[in-house]
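> Okay, structure incoming, though there's no sequence with it:
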């Protein structure tokens, strides 16, 4: 069964709205979670690494003020897309490793974000 | 620079028609190669991990193999339910936790 849960699965909202996406590890504690973005017919691009109790690490070119990440507990990381615009429309996916330093990563089912 | 390249981009198979997908990588000191399956509108589903050249893993109609430069995913006698995008990924040189994904191969199996 699923080991990583993501919510919501689909969001449609107006330009300028901030949107929060949740990622939960279901039966294990995840000190690190990862956030990816996927455009149609393209592969997953890592946006940031979410670290429990500390600041997230962002990949080059990803605006940290635009994509706020909070990892306040060992089972929950949130991604907030602030003041979203149509170009932020995409498929956002989170993942986690069952144990520190272990593989593979397990992925949530993604969130389809559409900004009108 | 770490790179993972998959070919072909798309593959259309008749049910029962076996084929292979390729994943080549240029990651220094490879520490694992992962295969995932992704259905439309879903997150990737883990299939296999390969750690060393010569290693093989099997699951139903799928078999993954690894050499020093590339990995293959063999689909034997595929069924329509095998239709999906298959992704390979490798940990990046600078971080075991971060994955570099290939662009994927979209497989369509027709009855």
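Nice, thanks for sending it over. Keep in mind it's a predicted model, so treat the numbers as computed, not measured. Numbering: from 1, shown residues only, chains lettered A, B, ... in the order given.
> which bits of chain B sit near chain A?
B:32, B:34, B:36, B:41-46, B:49, B:87, B:91, B:96-99, B:101-104, B:106 (Cβ under 8 Å from any Cβ of the partner chain). In short, each C-beta sits where N, CA and C put it, glycine included.
> In strands, which of the residues you listed appear?
B:34, B:36, B:45-46, B:49, B:87, B:91, B:96-99, B:101, B:106 (DSSP state E).
> Name the nearest of those residues relative to residue B:71.
residue B:34 (9.3 Å; Cβ to Cβ).
> Contacts only, for the closest one.
Shown in contact with residue B:34 (Cβ atoms under 8 Å, 6 or more residues apart in numbering or on different chains): A:103-105, B:46-50, B:88-90, B:99.
> Check the ones in strands among the residues of chain B next to chain A for burial and list the buried ones.
B:34, B:36, B:46, B:87, B:91, B:97-99, B:101, B:106 (16 or more other Cβ atoms under 10 Å in any protein chain shown).
> Closest approach to chain B from chain A, which residue is it?
When scored by Cβ to the nearest Cβ, chain A has residue A:107 as its residue closest to chain B, at 3.6 Å.
> I'd say that residue and residue A:93 touch.
Yes: here residue A:107 lies in contact with residue A:93, judged by Cβ atoms under 8 Å, at a distance of 5.7 Å.
> Show me the shaky parts of chain B.
By pLDDT under 70, chain B has no low-scoring segment.
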